[in-house]
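Asks: 3D, please:
(one chain, ligands or ions: 1)
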Amino acid sequence: MPNAAAAVIGLALITAAAVASAQPPAGAASCTGCHPSSARISSPVPRLSGLDRDAIARAMQEFRSGQRAATVMDRLAKGFTDDEIQAIAAWYATPR
Ligand code: HEC
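Replies: Prediction:
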């Protein structure tokens, strides 16, 4: 039954891809230590979830270059490459 075997393998690959895409990109898990992950948590630090992808990426780049004043984000943003910033921005801008 080659078709059934192919279907099982195909399903396994799809499942693996779904699991992989549910994992946050490098560095993204650290953000929720300060930025609340739930609307029920009240904090002076704004939530990242639901922010616009470009707004997150732009803010990170401005923090990193010192263009935008900050207390902690300027130091933190220096640890991320452009690619990492894009991946993190996409992660938080995607509703889940
Ligand atoms: C140590 C606490 C802390 C961590 C960890 C942290 N942030 Fe922040 N973030 C802040 C604070 C505080 C501000 C307000 C600006 C400032 O004073 O640095 C802020 C502001 C921001 C803003 C601007 C939001 C807005 O609407 O003005 C963005 C975007 C952001 N952080 C992204 C991130 C991302 C992405 C990460 C993870 C890589 C992260 N932050 C990790 C504390 C943190």
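
Asks: and the ligand, is stretch 27-35 touching that?
Replies: Yes - against the ligand, stretch 27-35 shows contacts by CB under 6 Å from any ligand atom at 27, 30-31, 33-35. No exception for glycine: its C-beta is placed from N, CA and C like everyone else's.

Asks: okay, and which of those residues map to helices?
Replies: Those of those mapping onto helices are 30-31, per DSSP state H.

Asks: among the residues of stretch 27-35 next to the ligand, who's most crowded?
Replies: The most crowded member of the residues of stretch 27-35 next to the ligand, judged by other CB atoms under 10 Å, is residue 31 (18 neighbours).

Asks: where do the helices of this structure begin and end?
Replies: Here the chain has its helices, by DSSP H, at 2-21, 28-31, 53-65, 73-77, 82-93.

Asks: comparing those helices, which yields the minimum mean pLDDT?
Replies: Mean pLDDT per stretch puts helix 2-21 lowest among the helices of the chain, at a mean of 54.

Asks: pLDDT wise, what is the nearest residue to residue 96 once chain neighbours are set aside at?
Replies: Once flanking residues are discounted, residue 96 sits nearest to residue 22: 7.7 Å by CB to CB, 6 or more residues apart in numbering. Looking at residue 22, its pLDDT reads 75.

Asks: can you report how many residues lie near residue 22?
Replies: Count around residue 22 with other CB under 10 Å applied: 8.
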